[in-house]
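S.K.: predicted structure and sequence below. I'll ask about it afterward.
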Amino acid sequence: MPSFDISSEVDMVALRNAVEGANRKITNRYDFKGSNAVVELADTLLTLHADSDFQIEQMMGILLPEMTAKKIDVRCLDQGALQKVGGNRVKQEIRVKVGVEQDLAKKIVKLIKDGKLKAQASIQGDSVRVTGKKRDDLQDCIALVRKEITDYPLQYGNFRD
């Protein structure tokens, strides 16, 4: 039976390159001279350190186009609140969402079942596996999920015939 997986992955090498490019641009900008503004990447957590909340906004204006240029979907970012560190320094943590979360996976399975399509969906860890008798049924599933879920970056891969 044909099957495919619905997953959400981020190219970590491209993300690291985007962060390094953003840090280079930040150090070269005139309005950041003399400040300790920096973007740090640890696993799937981005941390922006700056002297003011205005600088954090400026750093986001540099980081997001860098990520888009490296073909990273910015919908995978979950921005946290601004936090005061010591003195007048602030930081913001941004979590990079990797994998399909449990609530979204349940929503996808329910969507496919309610769509009356001749396919079955099951949750496989941090991805959703969809199986069906015909390739056309699977393509209908992909079209349905793409149409309904637009706020989360999903990839459709691992197609088996």
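M.R.: Cool, the structure landed.
S.K.: which neighbours in the sheet does the helix or strand of the chain with the lowest mean pLDDT have, and how are they oriented?
M.R.: Every helix and strand of the chain was ranked by mean pLDDT, DSSP states H and E. The lowest is strand 155-160, at a mean of 84. When pairing is defined by DSSP bridges, strand 155-160 lines up against strand 3-7 (antiparallel).
S.K.: re earlier: buried residues, the least confident helix or strand of the chain. List them.
M.R.: The neighbour-count check on strand 155-160 (16 or more other CB atoms under 10 Å) flags residue 156 as buried. To be clear about C-beta, it is placed using only N, CA and C from the backbone, and glycine gets the same treatment.
S.K.: one more: stretch 39-48?
M.R.: 39, 41, 44, 46, 48.
S.K.: that one: how far from the chain's middle?
M.R.: Centroid separation between stretch 39-48 and its chain, computed with CA atoms, centre = their mean, to the nearest Å, is 13 Å.
S.K.: what's the helix or strand where residue 59 lies packed up against?
M.R.: In this assignment (DSSP states H and E), residue 59 forms part of helix 53-69. For helix 53-69, the elements it packs on are helix 12-28, strand 45-50, strand 90-96, judged by 3 or more CB pairs under 8 Å, 6 or more residues apart in numbering; DSSP states H and E.
S.K.: highest average neighbour count across these?
M.R.: Stretch with highest mean neighbour count among the helices and strands packed on helix 53-69: strand 45-50 (a mean of 20; mean count of other CB atoms under 10 Å).
S.K.: how is the chain partitioned into domains?
M.R.: Domains of the chain are assigned by automatic domain parsing as 3-8+99-160, 12-96.
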